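Participant: got a sequence here, can you model it:
(chains A, B, C and D)
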Number of protein chains: 4
Amino acid sequence: MAYFRIDYNSNALRRTTSFDMLIPNDPGADALESEREKPLYTLFLLHGYHAKAYNWVPDGLAQQYRFAIVIPTGENSFYLNGTATGTAYQTMVGEELVDYVRRTFGLATSPENTCIAGLSMGGFGALHTGLAYPDRFGKIGALSSALIIHEIAKMKPGTDNGMANYDYYVRQFGPLDQLEASDNNPETLVRKLKAAGKKIPDIYMACGTEDFLLSANREMHRFLQKEKVPHEYHEAPGNHNSAFWAEHIAYIVKWMFEKK
Amino acid sequence: MAYFRIDYNSNALRRTTSFDMLIPNDPGADALESEREKPLYTLFLLHGYHAKAYNWVPDGLAQQYRFAIVIPTGENSFYLNGTATGTAYQTMVGEELVDYVRRTFGLATSPENTCIAGLSMGGFGALHTGLAYPDRFGKIGALSSALIIHEIAKMKPGTDNGMANYDYYVRQFGPLDQLEASDNNPETLVRKLKAAGKKIPDIYMACGTEDFLLSANREMHRFLQKEKVPHEYHEAPGNHNSAFWAEHIAYIVKWMFEKK
Amino acid sequence: MAYFRIDYNSNALRRTTSFDMLIPNDPGADALESEREKPLYTLFLLHGYHAKAYNWVPDGLAQQYRFAIVIPTGENSFYLNGTATGTAYQTMVGEELVDYVRRTFGLATSPENTCIAGLSMGGFGALHTGLAYPDRFGKIGALSSALIIHEIAKMKPGTDNGMANYDYYVRQFGPLDQLEASDNNPETLVRKLKAAGKKIPDIYMACGTEDFLLSANREMHRFLQKEKVPHEYHEAPGNHNSAFWAEHIAYIVKWMFEKK
Amino acid sequence: MAYFRIDYNSNALRRTTSFDMLIPNDPGADALESEREKPLYTLFLLHGYHAKAYNWVPDGLAQQYRFAIVIPTGENSFYLNGTATGTAYQTMVGEELVDYVRRTFGLATSPENTCIAGLSMGGFGALHTGLAYPDRFGKIGALSSALIIHEIAKMKPGTDNGMANYDYYVRQFGPLDQLEASDNNPETLVRKLKAAGKKIPDIYMACGTEDFLLSANREMHRFLQKEKVPHEYHEAPGNHNSAFWAEHIAYIVKWMFEKK
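Facilitator: Residues are numbered from 1 along each chain as shown, chains lettered A, B, ... in the order given. Below is the predicted model:
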C-alpha cells in the first residue's frame, strides 16, 4: 500500500494543511495489471478529537475492496466552518480537498465512487460533511459519533462540559442557542435535503454499548427513523476505543464497497 | 545537520501537534569530538501567517555557532492564548514546548542558552513570547514583525482588513477594544516587566524599507526608545519576502550567538 | 506517545539515513510528573526484509513499561557490514545509532537499560547485533528470525533461493563459503563470547509453528542449548505475519522490562 | 507548491522506497483556474552522493514554468542496476517510478513532457538514465556531473579513491575492467543510440571552473562533440556546491520548459 503525506496550500484555512493518503496501487512483482490501476473508490476518513490524521482501517481491506483512503487533518474543529477567517474546515474537507484529490489523482470523481467515514468527532464529521455534500459523497460511515449538538446547545457562557469550554463550542459550532436550527446540525441538513427532494447519502452508524456517546447515537437513530431515512444502525459490546473502531470500520468498508 | 520531525501530545492545544527540530550534532567522520556534543544554544524559530513550520535559517550557521533550532507549528494563531479550550498557543510554545525540549534533549535549559526569533506573524510571536517568558528566553529576534495591535484594536465587527476578518482577530487577540491594555500587547508586557524590575530579554528588530509593516515596526521602535529599553533596530532595503529574511536572520544569529 | 522521524548523517552508510523513534513522555494534563520523565529503557526494533522502519509494538506497552523505541532503517541489509564503502549497517545500528541516541536523548546508556528486538530479517539482526555488542545490549528478542546462514552458505553463483540471488547474499554476508566461520554468523559470536568469558545478552526467541523459518529457529535453539547458553525459546501456532508478531512482541517486552 | 512525501513498494529494490514530489497546483484563492490544472511538465531530479532526496530547485520556477518535480531516493547507487537482487536503481527511476507517476498522477506521460536533471552523482544519473530511456525523457540537465567512469575503470582491488573503495565501485558499476564498454557507461549508450538511429535526448551540462570534476565534464563534452551530438555545455565560475547548483538549475529549467 503506497503511503502519501501531503502538504498543500489551503485557501479554506488560509495556510498550509496536511493530509495523509493511502493508495493500493503498488503491488508485488507478480501482481495482475489490474492491481496497478487506479482504485475503484475513495474513502475520506475523519479522525477524532485530540488526535491527528492517521489510518485506522485494518491492513488488507483497501487492497481487497480497491479503495484509496484520504485522511485530512481536522485539528479539533468538528469539521465545521467557523466564522473567523481561516476556519472553514467543512469547506476544506468537503469541497477543497475533494477537488484537490480529483485534479491531482483523478479519484473521488462522483458520489458513486466516494464515501466518507469517521470515528467520534470524525463520526459527527462524516455525517455532517456527507449530508452537506450529497453530490460528492454517496455513503457515510459513522462510528461512536460525537453527536453532541443537543447537549452543547444548552451550555451557558463560562461553563465547561469536561471535554471543552463554552468558548470552544461557540468557535466551532457558532452561537449555541441557534445551533439546533443551524446547518451545523446534521438533523437540519437531513430536513433540508428531504424538503428539497434530494438524495440523502446512505448511512451506516455503529456505537459500543459501553460508550458514553450511546444515548446521543440512539437519539440520531430515532431521528432518522422518524424522518424515514433508511440507514444501518448497529450497537455492539464495546467502548470508545480503537478495538471497537478497528472491528467496525471493517464492517463499514464491506458495506460500502463490496460488489453485490 | 540532523533533522527531526516530531509529533507530541499537546495539552495546551488538546491534540497532537508537530514541531521540526534541527540539531548540528551529526558531523562527518573526521570531525572533532566537540562537534558531536550537545549544541551550546537553542533557537526557537516562529513561522509567519499562512505558512507552516519550516527552517529558513541559511545552511551552515547552526554548525558555525552551535545552536539547535526548534520550529513549532503555530497555524495562524499569532502565538497567543485564545480563551477557547485547546487554543493556548502562547503556553504551547513558551512553556510546554520549552519544557518538552528540556526533558527530551537536555537543551533550552536557561535564558542564557535559549533565544527566540520569527518573521512576520512569527516576529510578533517572538517579541510577545520572549517578553512573556523572560525567565526562559534571553534574546529575541524579530523580522518584519506583524505588529498589528494598534491597527486591529480599531476594527469593527463585520469588517475585514484584507488579511482576515474581525472574528478571526477576536479569536486570536481577545476583545479588540481591550487589546491595547491586555497582555496580548507586547507593549503591556514591556511595561509590566519594567514596573516589576525584571530583566527584559535583549531585542533585535529588522524590517525592509519597502515592507508594508514598516510603520508598525517604527512604532514599536519608538515605544522601546521611549521606555528606555535598549535594543537593536535595523531598517534595510527589502520587502516582506524570503530574500530579506534569509539575509537578516544571519545577522540575528550572529548577534545572538557569536562569542564576544 | 511522542513520535519522531529523524534524518541524520550516517558516516557508517556515507549518506543521510532515517530512523523513527517513539518516546512515551507526553502524557495527558493530569499525569504524574514521573510520566513526563525520561523512560527507563530503550528498545531498538529491527524491521524485516522488503519493509521499512515502522512500529509494530502494540499501543500502550511503551507507556506501561516505560521504554522508548528506536527503529532504524536497515533496507535489505540483514543489519550486517558489507565490505563496500557505505554498507556498514551493523556499525550503523550497534555503534553509531546507539551513540547518537545517547548523546541526543541521554537514553540507551548501558546494557542494563538497552535491548534489541526484531522480526524475520530483523530477528536475525537482533541476535547478531546484540551478540556483536554485548556491552551495549542487555537483552535480545528475536521473532520468526531469518536464521538463514546455513542455508545460504551452500549457495552457488548464479542461483536464486526464491528470496534473493547469490550476488545479493554475497553483498550482505560476504563470501558464502566462509560464512559459517565468520563473525556474520551469530553462532560464531556466541562461541567467541564464551571463549572470552564475556557476558552473553539474555535471549528470547519465538517462531510460529506454520512459519517457513521454523526449522532454522529450532536449529539455533539446539545450538544455544548445546553451547549451554540459557535462553527463552517459544513455539506457538502462527505463521510469518503481523498477527504473530503483534502477539509475541508483547510477551517479549514484558520479559524484557517488567520489574521482578 | 504542494509537497508530497511518498513511500511505495518498489519491486526493483525489493522493499519500500520513498520519493518526494512537488506539484504547483495549489495556488491562492484568486488564482486562475489554469493554475489549478495539471502541470504541463515533469522534472525528475536526482540528488548526489552522501545525500538524501531534497528539492534544490529555487522557489517560484515550478509555478512559472508549470512543472512538477519528482525526487527519488537513490542512496549512493549512482542510479545504476547492480547484479544483486534489490539493487536495480536504474530500473527503479527510469521505469518503475516513471510508470508509478504516470498511473497515479497522469504526469510524465511522454518524452515531450518529461525531463531529468541532477547534480554530482545525480548529474551522472541524469545523463545515464536519460540516455537509457530516450523514449521516456526528452531532455537531460546535468550539473557538476560525477562522470567518473574512466577514473574508476582503472581501480585495483583493495584500493580507495578517497570517495569510496573498490568494492563499492564494483557493486554499483559492475566489473570495473568491463565498465567502459558496458551499458553503465553513458558513452556506450550514446554510441548505441546513434548506431540504432534513435533520438538522443537534448543535453545541457554545466560545471564550475573550480569544481574537482571539471576535467571529467570536459571529457564528456569532447566526447559528445566527437560523436556529433548537439548539446549545451557551460562552464562558469563556481565550485561543487549548492550556490552553483541553485544558480544553474534555474538556467536548466528555463532551457527545458520555456515556451519558444
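
Participant: tell me the buried residues in stretch A:208-221?
Facilitator: Of all the residues in stretch A:208-221, those buried under the rule 16 or more other CB atoms under 10 Å in any protein chain shown are A:208, A:211, A:213-214, A:216-217, A:220-221. C-beta here means a position set from N, CA and C on the backbone, and glycine is covered the same way.

Participant: so which residues on the stretch 1-150 of chain A come close to chain B?
Facilitator: In this structure, the stretch 1-150 of chain A approaches chain B at residues A:7, A:9, A:13-16, A:49-52, A:75-76, A:82-87, judged by CB under 8 Å from any CB of the partner chain.

Participant: if you set the cut-off to 6 Å instead, what comes out?
Facilitator: Where the stretch 1-150 of chain A comes near chain B, counting by CB under 6 Å from any CB of the partner chain, the residues are A:14-16, A:50, A:52, A:76, A:83-86.

Participant: so what's residue A:174 scoring on pLDDT?
Facilitator: At residue A:174 the predicted local distance difference test score is 96.

Participant: ok, the one 5 residues further on next?
Facilitator: What the model reports as pLDDT for residue A:179 is 98.

Participant: how about the helices in chain A?
Facilitator: Applying DSSP state H to chain A gives helices spanning A:61-65, A:89-91, A:98-105, A:121-132, A:149-152, A:166-173, A:186-195, A:214-226, A:242-257.

Participant: most neighbours per residue, which of those?
Facilitator: Across those, the average number of neighbours (mean count of other CB atoms under 10 Å in any protein chain shown) peaks for helix A:121-132, which reaches a mean of 29.

Participant: by contact count, what packs against that one?
Facilitator: strand A:41-46, strand A:114-119, strand A:139-143, helix A:186-195 (3 or more CB pairs under 6 Å, 6 or more residues apart in numbering or on different chains; DSSP states H and E).

Participant: for that helix, which outside residues touch it?
Facilitator: With CB atoms under 6 Å, 6 or more residues apart in numbering or on different chains as the contact definition, helix A:121-132 has outside contacts at A:46-49, A:78-79, A:93-94, A:116-118, A:137, A:140, A:142-147, A:186, A:189, A:201.

Participant: which among those are in contact with chain D?
Facilitator: Intersecting these with the surroundings of chain D, defined as CB under 6 Å from any CB, gives nothing.

Participant: any quick PyMOL command for the buried ones out of the residues you listed?
Facilitator: PyMOL command restricting these to the buried ones, with burial defined by 16+ other CB under 10 Å:
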select buried, chain A and resi 46+47+48+49+78+79+93+94+116+117+118+137+140+142+143+144+145+146+147+186+189+201
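
Participant: contacts only, for residue A:25.
Facilitator: Applying CB under 6 Å, 6+ apart to residue A:25 gives the contacts residue A:36.

Participant: residue A:200 now?
Facilitator: A:193, A:229.

Participant: distance of it from chain C?
Facilitator: Remark: distance between residue A:200 and chain C (CB to the nearest CB, to the nearest Å) = 36 Å.

Participant: for residue A:53, same thing?
Facilitator: Distance check for residue A:53 against chain C: by CB to the nearest CB, it reads 13 Å.

Participant: what's the burial count for the residue lying closest to that residue once chain neighbours are set aside?
Facilitator: By the measure of CB to CB, 6 or more residues apart in numbering or on different chains, the closest residue to residue A:53 outside its immediate chain neighbours is residue A:71, 4.3 Å from it. Residue A:71 has 26 neighbouring residues, counting by other CB atoms under 10 Å in any protein chain shown.
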